[in-house]
Each structure stands twice: as structure tokens, then as C-alpha cells.
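Q: Got a predicted model here, sequence first, then my questions.
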Amino acid sequence: MHNAPPSIRAIALGIALVSVALSWGSASAQTDPRIGLAPGGADAGQAIWNLRLLSNSPAVAPFAGVTNSDLSFMGNYAIQGNYNGYQFWDISNPSAPTLRKGYFCPASQSDVSVYGNLLFVSGEGLGGRIDCGGEGVQDTVSMDRLRGLRIFDISDLDNPVNVGNVQTCRGSHTHTVLVDPDDDENVYVYISGSSSVRSPSELAGCSDAPPDVDPNSSLFRIDIIQVPLAAPETAHIVSSPRIFVGLMTPPTHLEPEDSAAAGEPLGPAPDQCHDITIYPALGLAVGACQGHGILLDISDPANPTRINAVADPNFSYWHSATFNNDGSKVLFTDEWGGGLSPKCRETDPVEWGADAIFTLANQELTFQSYYKLPVVQTPEENCVAHNGSLVPVPGRDIMAQAWYQGGISVFDWTDPKNPKEIAFFDRGPMNATQLEGAGSWSVYWYNGYLYSSEIARGLDVLELTPSDLLSQNEIDAARLIHFDDLNVQDQQQLVWPANVVVARAYLDQLERSGGLAAGTIADARRELASAQGQAGVQKVLTLTALATRLESEADGAGDPAKVRALAAAVRVLTNAGEESATET
């Protein structure tokens, strides 16, 4: 969320409730159950499709009634940021999470990340205090103010210890933790601070002069913090790369009144990123940076360099980004209106406040299509593209994404020109007569479930259910991916283990698309079932024959690439069978 208030507040709009069909929706107003949902808090009307809501855990004092923000995960815990601090939810039983610990330490936005026994928390607003006090900071210049990164030792979850703070000139709106595979002594934290520059009287060296006036300007740069793991209290800014040099204000056709509604210039020249998503296995990162999407080389973690940048006249505020698993695509979000405005109304263009999907090849980003929540929302619901993550279904690019009071949309973007919604969850507005901030801030897949940070209603846990658009085999294959911990902005390469359900997931996809002859699909299912009942050499022979047949038929299939992926999955099973045969 961009410049969100520290507490949930009502915004009187004076606009009558609108319940109308949206011509670009995937379902008409007559059939989409998200239309006309009853307003309310915990008792709001709900619409759900191809998902199951397992639990909703409301926040308790002092976090109740205060904005819930982003999520991170470690072991059996979901860590939920809140403008009053953060909360550790025990998710051992996703149907009944319990609050292990709430830590009061006000700051906006309190975005959270975890590495080992260290928890990192962002602070950007003017009221955050070094001592975590709740009285705020009243003075224009104060040594009590915290704007930057808090570092906690969470070895004892019941007693987190603030072991260090790194102050930055523009605070930390969000941050990204980068682990260098060649450096086991440090982690690096990329800081995105989008607020005003603080006074040099408060933090020496801060300057809001443009770079052509002051080469040490705090503008037009990101900050990178090095955190020595043996001494996190000595964490410090190690570099401030100027990755925006030479980027100009992008063209825009948006009208001035839209700029006023957004509360900021539309399509500004970037002088800071809102979010940076890294993909260490590829040595790349993508920054959603105000007026541009930026591709970075992060092979030297402390000194990233810009490779490419793209702009879009339909985008207001480049907010966040996601790679697909093989790094051939990137999805950027546009937080038009800063997260506090209703941007999914009938009158709002489908290209605005949406996702933009790009292919990535030879270090070039090429636009393919937009995806926007495909159903109208009311003027009483803040709604725009926000945070999400991949759902690890092999062979498909599937995204679960938060849309504030537009709820959660799960969609397939395997075909970058034709993204398609496959599941959703939505509630009615908090208030029937005026906009009151609420909805899903972020929804992330973690070890088999979807966890949504609901701004006003707590923590939601959902699971996917099988449908014509997503089979049980595909869901089970996704559940094979297990993380010990997860920061979504640090994308890890997904590798599925040897398991027959992966091959069955590919077969379901080929049947759905007509990508392989029905007879071959039936034979493959039968041979896989036979192999499961076999052992040793016989199992290896059955699987080898199946893999060989699939490889031979791939070129003539409707979807050769998917058939080859299926054959490869069977080969993995064959190798596992050979090891088993050797052991016996």
C-alpha cells in the first residue's frame, strides 16, 4: 500500500452504491457471485469459487483496528506485519491458527522478512520510534525517530530482541532480503524508501537536492544494507546504487483528474522503487519503481546494475513484480490510487490498476497483455492490483493475487497473452455507504495453503479445491514443494521431487488442452498405475518404456513441450526406480 494511514479509517466518498455489470468481466453480473455481496466486517457476505476458506483469525489488541500489512513465513509460523508491530501466528493447524506472540512496535508499514533467527521490519512513517513506544514522534527533527530497518533476534519467539536498527534517509517502505550463495557471513537487504527525505539535522548526509546539484543526493537511488550474521547489530548501508540514471518521465495519457485521485503524479520518473523482487538462481531482480519496471543484474549483491527498463502509459505506479519459475516472464502490478481508492468500478479502464505481463528473453522485457480483476467492485471498496505469489503447479504459471477489497484472484498466465481466472474469494465492503479501508493486502502460497493478510479482518487461510480448471493431481503436485521459510520477494527456483503425481499433473494438463492423443494419455495413466505396484527391475522397465514412448510421440503431439516435460518427469521416476533396484 502506498502512503497508507496508520489505522483503518473511513473515507467518505458521497457516491451511491453501484451494482452494474462490467463488460470486460470473465463472468457477467447476472452469474458472478461477487456482485452485490452484503457489507460488514466479520459478517460480510462472501463469494468463493474453486477455493475453501479454512479459517479467519481476527487481530486482537493492540493490533485490532490497525492496518495489517505483509506476510513472511518460518517453519510453522506466519509472521504478519501490522502498523502497530507484528504477530507470530502458529499455523501448524491451518484450520485453526493461534497467536503465539504479538510484538508492539508501531511503524508504517512494518513489512516483514525473516532469515534464520533474524527478523527484519520496515519503518518509513514519521511516528516510528527507536524504542518502539506508542506515543509517536512530535518534533520535526528528533533523535527518537526510526525510519529505516529494524532487526530483531527471534531465537525466542516469545521474547524478540531488537538487536539493531539501520536508519536511512527516506525510511524503508518495503525491503528485500538477498542471500549471496558465495557469502555465508552476510545477508543483504535492499531498501525501497519512497517517502520524503529527512532533515540532515536528524540523519547526517541526507539531501533532497537533485543529483545534478548534489551528487550525494538521497534521491534516485536505493540503499543496500549489509547484515553480518555473527554481529547483526553492526548492520550498515554498504552501497546506494543509482539504478535510475538516465530514465526519463514516461509518457502517459492519463487525465489530470486521475492524477489527483491517485494522490501522486501518474507515471513519474523513478527516484525510488516500491518493491524489488530478486531471483538469485538467475542472478536477476525486477524492480517496480514508480514510473518504470526495471531489470537488474544482482550477481554482485552489493552493486546491482540496471540491464533494462520498461514503461507503460497505462500504468500509474509500478508497485511489485513476480517472475515465473523459469524466468521467461515477469508480471508487474500497478497500484493506481495507492491502495486507498476504488479502482475496480465499471467506469475504470481494464488497463489501469492492473497487472502487465511481459516475456523476458535475451535480457529484454516485451509486453504481452494485461490482467485485471475480472468483475466490477463498488465505489465503497478500495480495489487495485496488489501482492501475490506463484502457486507451484508444475507446467503452469499460476498466480494468487490480492486486490484489497476486490478479494483474492487466482489466475493462470501460462499463455502470457491470455491470462485466465481459475479461482476467487471475495467479501462484501466493510461499509455500505462509504469507503472504509480493508481487504487482502497480500496472499501467498506456503506449503500447501494460501495465506491472506486481511487489512481489517485478520488472517485468512484458504486451500485450492479441484475443478475443471485445476485438478487434484495438480494441487497435490504443488504441495510437494516445501519451504523451511519464505520471503516472497526472494523467489526460490522450484524443483519438484520424483513423484508420480507430477507426471499425473502433466497428463491432466494435456488432457485439458488436447495436447496429446487420448489413447496415449489413457495408456500412460495405466502404465503409471502399474509401475506403482511394481518394484525393482520391473518398475524400471515399465517406466523406461513409457518415457521412451512419450519422447517418440512428442514431436507429433499438440503440445510437444508439455509432452517432453511429462517424459522428463517419468524419467525422474525411472532414475528413482533404478536407485531402489540397486538398493535391493
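A: It's in. Residues are numbered from 1 along each chain as shown.

Q: pLDDT below threshold where in the stretch 451-584 of the chain?
A: For the stretch 451-584 of the chain, the stretches flagged by pLDDT under 70 are 577-584.

Q: for it, what spans make up the strands?
A: In the stretch 451-584 of the chain, the strands defined using DSSP state E, counting those that start in this stretch lie at 458-464, 485-486.

Q: cool, and the stretch 201-350 of the chain?
A: Counting by DSSP E, counting those that start in this stretch, one finds strands in the stretch 201-350 of the chain at the ranges 223-228, 236-239, 275-279, 284-289, 292-297, 305-310, 318-323, 329-334.

Q: so can I have JSON lines of those showing distance to residue 177, mean pLDDT and mean neighbour count?
A: The C-beta positions use only the backbone N, C-alpha and C, and glycine is treated the same way. JSON lines is the format used below for those (distance: least, C-beta to C-beta, whole Å; pLDDT from 0 to 100; neighbours: other C-beta atoms under 10 Å):
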{"stretch": "strand 223-228", "distance to residue 177": "9", "mean pLDDT": "98", "mean neighbour count": "21"}
{"stretch": "strand 236-239", "distance to residue 177": "14", "mean pLDDT": "98", "mean neighbour count": "15"}
{"stretch": "strand 275-279", "distance to residue 177": "9", "mean pLDDT": "98", "mean neighbour count": "25"}
{"stretch": "strand 284-289", "distance to residue 177": "12", "mean pLDDT": "97", "mean neighbour count": "28"}
{"stretch": "strand 292-297", "distance to residue 177": "15", "mean pLDDT": "97", "mean neighbour count": "24"}
{"stretch": "strand 305-310", "distance to residue 177": "20", "mean pLDDT": "96", "mean neighbour count": "17"}
{"stretch": "strand 318-323", "distance to residue 177": "15", "mean pLDDT": "97", "mean neighbour count": "27"}
{"stretch": "strand 329-334", "distance to residue 177": "20", "mean pLDDT": "98", "mean neighbour count": "27"}
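
Q: now those strands as a markdown table including distance to residue 383?
A: Supplementary listing: these in a markdown table, determined by distance: least, C-beta to C-beta, whole Å:
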| stretch | distance to residue 383 |
| --- | --- |
| strand 223-228 | 32 |
| strand 236-239 | 36 |
| strand 275-279 | 19 |
| strand 284-289 | 19 |
| strand 292-297 | 22 |
| strand 305-310 | 25 |
| strand 318-323 | 14 |
| strand 329-334 | 12 |
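
Q: Kindly state which of those strands is positioned closest to residue 355.
A: With distances scored as C-beta to C-beta, the stretch of these nearest to residue 355 is strand 329-334 (5.3 Å).

Q: from the middle of its chain, how far away would the closest one be?
A: If you compare the mean C-alpha spot of strand 329-334 with that of the full chain, they lie 10 Å apart, counting by C-alpha atoms, centre = their mean, to the nearest Å.

Q: That one: partners in the sheet, and parallel or antiparallel?
A: Strand 329-334 has its sheet partners listed here by DSSP bridges as strand 318-323 (antiparallel), strand 355-361 (antiparallel).

Q: In this structure, which residue is most central in space?
A: With the centre of the chain defined as its mean C-alpha position, the nearest residue by C-alpha atoms, centre = their mean is residue 388, 3.2 Å away.

Q: Need the contact partners of the host helix or strand of it.
A: Remark: residue 388 resides in strand 388-391, with elements defined by DSSP states H and E. Under the criterion C-beta atoms under 8 Å, 6 or more residues apart in numbering, residues 322, 324-325, 397-402, 410, 442-445, 450, 464, 478, 488, 491, 494 lie in contact with strand 388-391.

Q: returning to that earlier point: ramachandran angles for the closest residue to the residue nearest to the centre of the chain other than its chain neighbours?
A: Once flanking residues are discounted, residue 388 sits nearest to residue 401: 3.2 Å by C-beta to C-beta, 6 or more residues apart in numbering. The main-chain torsion angles of residue 401 are listed as degrees, to the nearest 10 and equal phi -140, psi 140.

Q: how much space is there between residue 401 and residue 358?
A: Relative to residue 358, residue 401 is positioned 16 Å away (C-beta to C-beta, to the nearest Å).

Q: Among these two, which residue is more densely surrounded?
A: It is residue 401, of residue 401 and residue 358, that has more neighbours when counted by other C-beta atoms under 10 Å, with 26 against 23.

Q: sorry, back to before: can you turn the buried subset of the contacts of strand 388-391 into a selection I can paste into ChimeraX?
A: What follows is the ChimeraX syntax for the buried subset of those, where burial is set by 16 or more other C-beta atoms under 10 Å:
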select :322,324,325,397,398,399,400,401,402,410,442,443,444,445,450,464,478,488,491,494
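
Q: Would you check that residue 310 makes contact with residue 364?
A: No - in terms of C-beta atoms under 8 Å, residue 310 does not count as a neighbour of residue 364; the distance is 9.1 Å.

Q: unless I'm mixing things up, residue 493 is touching residue 278, no?
A: No - taking C-beta under 8 Å as the contact criterion, residue 493 and residue 278 are not neighbours in contact, 11.8 Å apart.

Q: what does the longest helix anywhere in the chain contact?
A: Longest among the helix segments of the chain by residue count, using DSSP state H, is helix 560-583. By C-beta under 8 Å, 6+ apart, the residues outside helix 560-583 that reach it are 394-395, 496, 498-500, 502-503, 506-507, 509-510, 513, 515-516, 524, 528, 531, 535-537, 539-540, 543-544, 546-547, 550-551, 553-554, 557.

Q: So what's the gap between that helix and the chain middle?
A: Centroid separation for helix 560-583 versus its chain: 32 Å, with C-alpha atoms, centre = their mean.

Q: Show me which residues of that helix are buried.
A: Under the neighbour-count criterion of 16+ other C-beta under 10 Å, helix 560-583 has 562-567, 569-574, 576-578 buried.

Q: Stretch 46-53 too?
A: 46-51, 53.

Q: So which of the strands of the stretch 201-350 of the chain is nearest residue 174?
A: Distances from residue 174 to each of the strands of the stretch 201-350 of the chain were compared by C-beta to C-beta, and the smallest falls on strand 275-279, at 5.2 Å.

Q: Tell me which other helices or strands that closest one touches.
A: With contacts defined as 3 or more C-beta pairs under 8 Å, 6 or more residues apart in numbering; DSSP states H and E, the secondary structure elements packing on strand 275-279 are strand 174-178, strand 186-192, strand 284-289, strand 318-323.

Q: Make a markdown table out of those and add distance to residue 85.
A: Converted to a markdown table, those look like this (distance: least, C-beta to C-beta, whole Å):
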| stretch | distance to residue 85 |
| --- | --- |
| strand 174-178 | 16 |
| strand 186-192 | 19 |
| strand 284-289 | 26 |
| strand 318-323 | 23 |
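
Q: what's the closest of these to residue 376?
A: Sorting the helices and strands packed on strand 275-279 by C-beta to C-beta, the top spot, which is the nearest, belongs to strand 318-323 at 21.5 Å.

Q: what does stretch 294-308 contact?
A: Contacts made with stretch 294-308 from outside it, assessed by C-beta under 8 Å, 6+ apart, are listed as 178, 180, 183, 188, 190, 224, 226, 238-239, 241, 243-245, 270, 273, 276, 278, 280, 283-287, 309, 330, 360, 363-365.

Q: do you know how far the nearest residue to residue 525 once chain neighbours are set aside is from residue 534?
A: When the adjacent residues along the chain are set aside, residue 525 lies closest to residue 507, with 6.1 Å between them (C-beta to C-beta, 6+ apart). Going from residue 507 to residue 534 by C-beta to C-beta gives 19 Å.

Q: ok, now residue 541?
A: If you go by C-beta to C-beta, the gap between residue 541 and residue 534 works out to 9 Å.

Q: cool, and residue 208?
A: Using C-beta to C-beta, one obtains 71 Å as the distance from residue 208 to residue 534.
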